[in-house]
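# Take this sequence and fold it.
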Amino acid sequence: MHTRVNQQNNGQIKFVGPDVMDTTSSKKAEPANNASASIYSKTPTSPSSEVALSQRRDCYHLPRPSMAISRTDHLALYAAFHQADSNRIAHLIGVPGVLLSGTMLASLVEIPAMPLSMHLGTLLVISLCLANACVDKQATAIVSLVMGALLHAANTLRTLSKDSMPFWGFALASLALHGLSWLLTAKLGHEVLEAPVKTGKQGQQEDSNLYFRRGYYVGSNLGTKTTVVDRIAQFCISPLALVLDCAWQWGFRSELGDKVSVQKNIIIERLAAGASPLGSFEVLSAACKRKGVALRVSLHETMQSTIAQKTENGMAQPGFLI
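Numbering: from 1, shown residues only. Take a look at the predicted model:
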């Protein structure tokens, strides 16, 4: 989970870890009489739309002005449906297969007056890398190298196939690889290897293909406003999420990994309570009461008390991302 509190004058609040808040101040904080009701809200409280948008971007650390969902939310949403190690390994094999076979199929659509290596597949690879860069530039550098290798492999196979098999033969082979890769990820990974997801509907559980059925993979039904860039970024996030997952396993960028892990657990609790994945804290709390589900996100309570005490003195502004 990505948290941020604006600093003012003599005080600051700093996120340290998934369940730890480090508060430092040279001015003694006094208890707040009126804690902001929008501490956990996704909506800025400023009456001016322009100021509200500016505060929203500042508090949320949005990767791009055209995005409404933070990097942490994008990655946590994907991670919530890809928790089992076996499923992630299946995706580590299947996703490159989907991308390679898709590039092979797209390579059959050549662009006139351009060299053989410039085809529809090339444009799709570039577009995917740009979408990933909207979420995280550093990891996209690795994604670009991997996608470049897959594009080179697709071009090589297409060139070799021209002498050894007809056009339709290459297309059928690409479709077969594409289908097998999807079966590995969607059928085996999500329906067999991944644990069912609690949805809060009378204890009902659904397989993790819920991510696709409810349209989360294209930024729909999330409980918060999304932009076109958000939808494209979430649709293309698999390669980026896999690269970052490997980085976290090897000890790189662990701070981001901790934040994503906390936010992932919050999303899981939202779903178990029958709430939307990224709705406001108040919506989640109300859903928990309706369903009789206990809210077990201790980080919320820690932050709420700390922020409320410092907000009254103007030492911190209540604006951060859940």
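# So for residue 255, what's the pLDDT?
pLDDT recorded at residue 255 is 93.
# next one: the one 3 residues further on
With respect to pLDDT, residue 258 has a value of 94.
# so which strand or helix has it?
helix 254-272 (DSSP states H and E).
# how about that helix: buried residues?
Judged by neighbour count (16 or more other Cβ atoms under 10 Å), helix 254-272 contains these buried residues: 256-272. Every C-beta, even on glycine, is put in place using the N, C-alpha and C of the backbone.
# Can I get that helix as PDB, trimmed to CA atoms?
Coordinates of each C-alpha in helix 254-272 appear next as PDB, following Å, rounded to 0.1, in the frame of the first residue of the first chain:
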ATOM      1  CA  SER A 254      11.300  -4.600  -1.300                       C
ATOM      2  CA  GLU A 255       9.700  -1.400  -0.100                       C
ATOM      3  CA  LEU A 256       7.300  -1.400  -3.100                       C
ATOM      4  CA  GLY A 257       6.700  -5.100  -2.500                       C
ATOM      5  CA  ASP A 258       5.700  -4.500   1.100                       C
ATOM      6  CA  LYS A 259       3.300  -1.800   0.100                       C
ATOM      7  CA  VAL A 260       1.700  -3.900  -2.600                       C
ATOM      8  CA  SER A 261       1.400  -6.800  -0.100                       C
ATOM      9  CA  VAL A 262      -0.500  -4.700   2.400                       C
ATOM     10  CA  GLN A 263      -2.800  -3.300  -0.300                       C
ATOM     11  CA  LYS A 264      -3.300  -6.800  -1.700                       C
ATOM     12  CA  ASN A 265      -4.600  -8.000   1.700                       C
ATOM     13  CA  ILE A 266      -6.900  -5.000   2.000                       C
ATOM     14  CA  ILE A 267      -8.400  -5.900  -1.500                       C
ATOM     15  CA  ILE A 268      -8.900  -9.500  -0.400                       C
ATOM     16  CA  GLU A 269     -10.800  -8.200   2.700                       C
ATOM     17  CA  ARG A 270     -12.900  -5.900   0.600                       C
ATOM     18  CA  LEU A 271     -13.900  -8.800  -1.600                       C
ATOM     19  CA  ALA A 272     -14.600 -11.100   1.400                       C
END
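# So which elements touch it?
Applying 3 or more Cβ pairs under 8 Å, 6 or more residues apart in numbering; DSSP states H and E, one finds that helix 254-272 contacts helix 71-79, strand 197-198, helix 238-249, helix 281-291.
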